[in-house]
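Whatever this is, show me its structure:
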Amino acid sequence: MEWSDSWRGAFRIELRAEAVSLAWRGWPVLPGTYPTVSAAGETMWAGRDGLDASGPVPVHHDWQERIGTRPEQVATWWAGRSYSLLVATGHSVDAIEVGTDLGRRAAVALRNMGIPVPIAATPSGRWMFLVASGDVLNTELSAHEDVRHYAQGEYIPLPPTPMAHGVVHWRVKPQICGRDLPDARVVQDALVEALHTAVSPELVATV
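Below you'll find the model as predicted:
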């Protein structure tokens with residue numbers, strides 16, 4: 001995708017509104033670097049000097065000290081640039097990231113259990129299940145190469161963060177669970193079930 005100045009300007013309002021909304025929810029949101037195209041046609045990440053990264057990172061070097069910033073101040077971070085929207089994990093919010101196939105099967109399992117879980121997805125096919133902080137991965141999941149747990153000292157991009165080839169989007173929006181994120185163990189149980197259970201194409205198509 002080509003990230004033109006006009007596109008970023010229009011998108012900044014949406015990024016800012018989502019950041020403020022999540023900050024009011026109590027989520028530790030942060031501004032992140034954003035993609036731009038170099039003269040050679042390569043995707044680069046702008047917003048922080050001296051940086052060579054493959055994806056968005058916090059624009060502030062002291063980002064961990066800014067965790068818990070009030071929503072009013074969060075709004076000012078997006079006043080001038082279309083920064084990516086990041087959330088610091090390990091502070092009320094954690095994330096369990098998996099590939100598309102496992103993510104879909106786990107989402108079906110959670111829906112069958114009647115448990116609402118916010119799920120964000122990246123253009124590269126990674127699904128992130130957002131859960132309450134505090135737990136570690138169980139033995140089976142921690143040994144699985146397709147599963148990653150984001151916790152203390154880390155961060156993830158949230159919608160509508162732009163990436164090199166698309167935009168991070170919600171598969172399931174956080175509004176479905178109000179201010180209360182699900183316990184990580186519930187999501188882990190669904191992921192373990194998904195590892196061992198196939199689902200019908202009809203169910204997959206609805207997720």
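
Do I have it right that A121 meets W127?
Yes. With contact defined as C-beta atoms under 8 Å, A121 reaches W127; the gap is 5.1 Å. In this view, the C-beta of every residue, glycine as well, is placed from N, C-alpha and C.

which residues in this structure form strands?
For the chain, the strands defined by DSSP state E cover 29-32, 34-37, 43-46, 84-89, 93-99, 119-121, 126-132, 148-150, 154-157, 162-163, 166-167, 169-172.

For the longest helix belonging to the chain, the averaged confidence score.
Secondary structure of the chain per DSSP state H: the longest helix is helix 5-24. Helix 5-24 carries an average pLDDT of 83.

Check which residues of that helix are buried.
8, 11-12, 15-16, 18-20, 22-23 (16 or more other C-beta atoms under 10 Å).

Straight-line length of stretch 81-101, end to end?
End-to-end distance for stretch 81-101, by C-alpha to C-alpha, to the nearest Å: 35 Å.

now do stretch 73-87
Distance between the two ends of stretch 73-87: 15 Å, counting by C-alpha to C-alpha.

Give me the neighbour count for the nearest residue to L181 once chain neighbours are set aside.
In this structure, L181 finds its nearest non-sequential neighbour in A132, 4.4 Å apart by C-beta to C-beta, 6 or more residues apart in numbering. Other residues within reach of A132, judged by other C-beta atoms under 10 Å, total 16.
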